[in-house]
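J.: just a sequence and a predicted model for now, questions to come.
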Amino acid sequence: MAKEIGVYTPKQAKRIWESVQAFERMGSASAAMAIPYTPTPIYFVNRSTATIPAYGCVQMVGSSDIDGTTYIEVKRPFEYANSVMGPFLLNGPGECLQDEIGTAQWGPIFRAKKDSATYTTGTRMGPKASAFELEKGCLFTFIGDDEQEDDLIKVIACETPLLAVAGSGIGANTSGTVTAKQPASGNWTAGTIAYTAWNPTGVAIASAASVLLFPVDAKWLAVELC
């Protein structure tokens, strides 16, 4: 069956866009015809066994060559089969079925699906295991709810460390609860937002110890401050 007008493959759309850019560079296009710059789409192939929802969080696991074009392969977080934890992407406004091609958002500000919890501005967010949602964690910072639908939020990419207190302490080679400090004039003060952090060393982190949290493989790694 013939394709409808305006329906293109990703390869065709890229070629059309490059042709438009070349035409404008020749100086033949008037100012009224100028088109704002749009980044090249980030195409991926859904290699999970589930449909990726609109704005769902996915994890890169490899790449595929399809008709001469390289596509990122993604699955539902977390995938530990690779030697390196692949980067995380956020799907665009359309759902993506298994083995179909989707388009990720560029950022640094994204729309994302979240779990059912309620968050305050500034809370750090990260991928939720066995889901396409974000929950409290690391890699993004919560900006606010998105008006389009329930459980849709706006986040900004953020991988900066946090200063926190280790609560009851964190045992060697295990995880525990920490509470992030809150910035204040000249110093930091007690905060209220708690996170799960991992101590990968053979030495326990003391109760009420100050720690720095670093985002490592989409988890908070706690390092005690001496």
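T.: Done, it's in.

J.: tell me how this structure divides into domains.
T.: For the chain, automatic domain parsing gives the domain ranges 46-158, 162-224.

J.: got CSV for those domains, with mean pLDDT too?
T.: As requested, those are exported to CSV (pLDDT from 0 to 100):
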stretch, mean pLDDT
domain 46-158, 94
domain 162-224, 96
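
J.: export those domains to CSV and tack on mean neighbour count?
T.: Placement of C-beta: from N, CA and C, glycine included. What follows is the domains of the chain, written out as CSV (neighbours: other C-beta atoms under 10 Å):
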stretch, mean neighbour count
domain 46-158, 17
domain 162-224, 16
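
J.: these: which one's closest to Pro10?
T.: Of all those, it is domain 46-158 that lies closest to Pro10, at 6.4 Å by C-beta to C-beta.

J.: you'd agree Ile143 is in a helix?
T.: No: counting by DSSP: H, G, I helix; E, B strand; the rest coil, Ile143 is not part of a helix but strand.

J.: quick one: it and Ser19, what's the gap?
T.: Going from Ile143 to Ser19 by C-beta to C-beta, to the nearest Å gives 37 Å.

J.: now Leu90
T.: Leu90 is 29 Å from Ser19, where distance means C-beta to C-beta.

J.: just to revisit the earlier point, okay, the domains of the chain in TSV with distance to Pro10 next?
T.: Putting those into TSV (distance: least, C-beta to C-beta, whole Å) gives the following:
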stretch	distance to Pro10
domain 46-158	6
domain 162-224	28
